[in-house]
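>>> structure, please.
(one chain, ligands or ions: 1)
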Amino acid sequence: MSTLTSSDHVLVVGAGLAGWRLVESLRNLGFDGEITLIGDEAHLPYDRPPLSKQVLSGKWDVAKASLATHDHVTSLAATMRLGARVTHLDLASTSITLADSSVVHGTRVALATGCRARELRVPSSGVLPSLRSRDDLERLNAALAYLAPKSTVAVVGGGFVGAEVATSLSSRGFTPVVVEAAARPLIGVLGEEVSRWLERLAGDFGVELRTNHQLEDVATDGSGHHLSFGDGTTLDAGAILAAVGSSLDLEWLSDSGLHLDNGVVVDNDLQAAPGVAAIGDVARFPWSNAAGEELVRIEHWQVASDHAAQLADFWMSGESETTSMVPYFWSDQYGKKLQLLGHPHPSDEVQRVSGSPDEGKWLALYSRNSFVTGVVALSQPRGLALSRGLLESPTLLDEALSAAPWSS
Ligand SMILES: Cc1cc2nc3c(=O)[nH]c(=O)nc-3n(C[C@H](O)[C@H](O)[C@H](O)COP(=O)(O)OP(=O)(O)OC[C@H]3O[C@@H](n4cnc5c(N)ncnc54)[C@H](O)[C@@H]3O)c2cc1C
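Okay, the predicted model is just below:
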C-alpha cells in the first residue's frame, strides 16, 4: 500500500482512546494531510479507566480524564465532528455517511469505534443502567445524589468494572452489594484457580459479594429498586448499576463488505480492506504468541494505544511491525492492583510462583503446551514488570521457573 502524503485525507471513526491516539501519532510522524475525527459522543476524547476508579470515587474531577482540549485539537489541525454518528461506510470510495445523511470523502478510514456496555434487560425495568461513558457516569452520580450515606447500591456483575465500581462506591460511604451470576467473579476470564484467589478480596475490603446469584427482575418504586434472584432471594437498593461486560456495535457495518466476526477482522497491519483499518476494542487481529498465532480481540487500554501507534507507523512508512505486542491490563479493585500480561486462555495451566492469597499479594504464570502464555499479579507491580521478557519471545515454563525474573 502507498504511504500517506499531504494530499491524503484520513477519516477516523470513533473519538475515543484509539481514535485520538491515531490522530496524535500521525501528526507526530509528520503527516500533514487532512484528518477528520468523528465521534458520536458529545465530549472531546477522554479516558475510560478513571471513570470507574478516580472519577467515581470522587478523587478526580471528570475533566482530569480528558485526553484532549480544544486547543490541542486545533494545534493538531484535526477537524473534529462530535455528537455525529457514522451510519454507513463505502469501501470503494473510502467515504462515510453520518446520521444526518451528510457524506464525508476520505482516502483512508480508520475504524476505532470500541464497544459498548452489554445491556442487561429485566422484565419490570427494561435495560438497567451501566457504565461505559461520561454520560453514564453522570447518570449514576445523579442517582447517587439522592441517597443517604451508607445506602445500599446494587452492582450487578462482579467482573473488572463491577469490582472497581463497588470499591469506589464504598470509598464514598455507600454500601455496595455485588451480585454475581457465576460461582466466582472473573472465573470465565482468568480461570478457576486465579478466580479462587481473588474471591476473598471483596470480603476482606468490607464489600458484600453474593455469588451464584442470577438476577431475574428489578421492580422500581418510590422507595428504590427491589431485585429478585433465581434462588428466591431478594435485595433492596437505593441505586443499581449493571456491569455485565461489553458487546459490539457492528450493525452499521453489516452491508459494508468488511469481514465481521466478533469484531472487524484485520490483517497483521490492522488493515480490514484496501485503505480501511480497524484498531482498539473493535479490531480482531492476528496475534503471535508462544502458543502460535490466533485471531484475538482484546479490550485493553494498552492494546488500543499500541494499535494506534502501529497503524500510524504502517500508513506513514509502509513497513510492517516486526515485533509482537505484549497485551497489558490492570484493574484497581478492593484496595489491590490486579495486573495481567499476555492473553492467556482461562483453561491454561496456572502456577503461582510468589506470594499467596493470605499475604494479599502474589504472582502466577499461565502456560499452555509448556510455554508461558501470561503473567498475572496481585499487588506485585515490580515482579510483573520484571517478568515482561517471558512474553516478548516464546519462553518455556521450565526456563521461566529457573530464571525467576520476578524475584530479581
Ligand atoms: C469503566 C471502564 C473502566 C476501564 N478500565 C480499564 C482498565 O483499568 N484497564 C484497561 O486496560 N482497560 C480498561 N478499560 C477498557 C479501555 O477503556 C478500552 O480498552 C479503551 O477505551 C478502548 O479504546 P477504543 O478507542 O478502542 O474504544 P472506546 O474508548 O470505546 O472509543 C470508541 C468511541 O467510538 C464511538 N463510536 C462508536 N460507534 C460509533 C459510530 N458509528 N460513529 C461515531 N462514533 C462511534 C464511541 O461512542 C466511543 O466514543 C475500561 C473501560 C471502561 C468502560
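
>>> make it CA atoms for all contacts and neighbour counts henceforth
Fine.

>>> mind checking pLDDT for the nearest residue to Glu34 once chain neighbours are set aside?
The shortest distance from Glu34 to any non-neighbouring residue, by C-alpha to C-alpha, 6 or more residues apart in numbering, is to His9 (4.5 Å). Confidence at His9, expressed as pLDDT, is 98.

>>> residue contacts, His9?
His9 sits next to Gly33, Glu34, Ile35, Thr36, His105, Gly106, Thr107, Arg108 when contact means C-alpha atoms under 8 Å, 6 or more residues apart in numbering.

>>> which ones among those residues map onto helices?
Among the contacts of His9, none falls in helices (DSSP state H).

>>> quick one: which of these is nearest His213?
Taking C-alpha to C-alpha as the measure, His213 lies nearest Thr36 of the contacts of His9, at 46.0 Å.

>>> mind checking how far the closest one is from Thr107?
Remark: distance between Thr36 and Thr107 (C-alpha to C-alpha, to the nearest Å) = 11 Å.

>>> who touches both of those two?
His9, Val10, Leu11.

>>> could you single out the nearest of those residues to the ligand?
Top of the list for closeness to the ligand, among the shared contacts of Thr36 and Thr107 and by C-alpha to the nearest ligand atom, is Leu11 at 11.0 Å.

>>> ok, the spatially most central residue of the chain - contacts?
The residue lying closest to the centre of the chain (C-alpha atoms, centre = their mean) is Glu299, at 3.9 Å. Contact analysis of Glu299 by C-alpha under 8 Å, 6+ apart lists Gly280, Asp281.

>>> element containing it, please.
Here Glu299, judged by DSSP states H and E, is contained in no helix and no strand.

>>> do the one 5 residues further on as well
For Ala304, the host element (DSSP H and E) is helix 301-317.

>>> immediately after that helix, which helix or strand?
Heading C-terminal from helix 301-317 (DSSP H and E), you reach strand 328-333.

>>> and that next one, which strands flank it?
Strand pairing for strand 328-333, determined by DSSP bridges: strand 336-342 (antiparallel).

>>> which parts of the strand it pairs with are buried?
Lys336, Leu338, Gln339, Leu340, Leu341, Gly342 (16 or more other C-alpha atoms under 10 Å).

>>> swap in stretch 158-177?
The neighbour-count check on stretch 158-177 (16+ other C-alpha under 10 Å) flags 158-170, 174-177 as buried.

>>> next one: stretch 68-83
Neighbour-count burial for stretch 68-83 [16+ other C-alpha under 10 Å]: Ala68, Val73, Ala77, Ala78, Met80, Arg81, Leu82.

>>> and for stretch 14-34?
Going by neighbour count (16+ other C-alpha under 10 Å), the buried part of stretch 14-34 is 14-27, 31-34.

>>> next: stretch 91-99.
Across stretch 91-99, burial judged by 16+ other C-alpha under 10 Å covers Leu91, Thr94, Ser95, Ile96, Thr97, Leu98.

>>> I figured the fourth one hits Asp90, correct?
Yes - with contact taken as C-alpha atoms under 8 Å, Ile96 and Asp90 are classed as touching, separated by 6.1 Å.

>>> so Leu147, which state does it fall into?
coil (DSSP: H, G, I helix; E, B strand; the rest coil).

>>> can you give me the neighbour number for it?
Counted with other C-alpha atoms under 10 Å, the neighbours of Leu147 add up to 16.

>>> check which helices and strands the helix or strand bottoming out on mean pLDDT in the chain sits against.
When the helices and strands of the chain are scored by mean pLDDT, DSSP states H and E, strand 292-296 comes last with a mean of 92. Packing contacts for strand 292-296, counted by 3 or more C-alpha pairs under 8 Å, 6 or more residues apart in numbering; DSSP states H and E, involve strand 283-289.

>>> strand partners of the strand it packs on, parallel vs antiparallel please.
Next to strand 283-289 in the sheet, as set by DSSP bridges, lie strand 264-265 (parallel), strand 292-296 (antiparallel).

>>> of all the ones you listed, which one comes closest to the ligand?
With C-alpha to the nearest ligand atom as the criterion, the ligand lies closest to strand 264-265 of the strands paired with strand 283-289, at 11.7 Å.

>>> pull the distance from the closest one to the chain's centre.
Centroid separation between strand 264-265 and its chain, computed with C-alpha atoms, centre = their mean, to the nearest Å, is 17 Å.

>>> pull up the pairing partners for the helix or strand just after it, direction included.
The element immediately downstream of strand 264-265 (helix or strand, assigned by DSSP H and E) is strand 271-273. Applying DSSP bridges to the sheet, strand 271-273 is found paired with strand 276-278 (antiparallel).

>>> what's the average pLDDT for the partner strand?
The average of the pLDDT scores along strand 276-278 is 98.

>>> what's in contact with it?
91, 94, 108-112, 264-266, 270-272, 311.

>>> of those residues, closest to the ligand?
Ala112 (5.4 Å).

>>> grab the nearest non-local neighbour of that closest one.
Using C-alpha to C-alpha, 6+ apart, the nearest residue to Ala112 is Gly14, at 4.8 Å.

>>> quick one: Asp249 and Asp261, what's the gap?
12 Å.

>>> looking at those two, which is more packed in?
Asp249 (13 against 10).

>>> so the more buried one: helix, strand or coil?
Secondary structure, three-state DSSP: Asp249 is coil.

>>> please apply the same query to the one 3 residues further on.
Secondary structure, three-state DSSP: Trp252 is helix.

>>> mind listing what's buried along the least confident helix or strand of the chain?
For strand 292-296, the neighbour count (16+ other C-alpha under 10 Å) marks Val296 as buried.

>>> could we number from 32 for the rest of this?
Fine by me, first position is 32 from now on; the one you just mentioned is strand 323-327.
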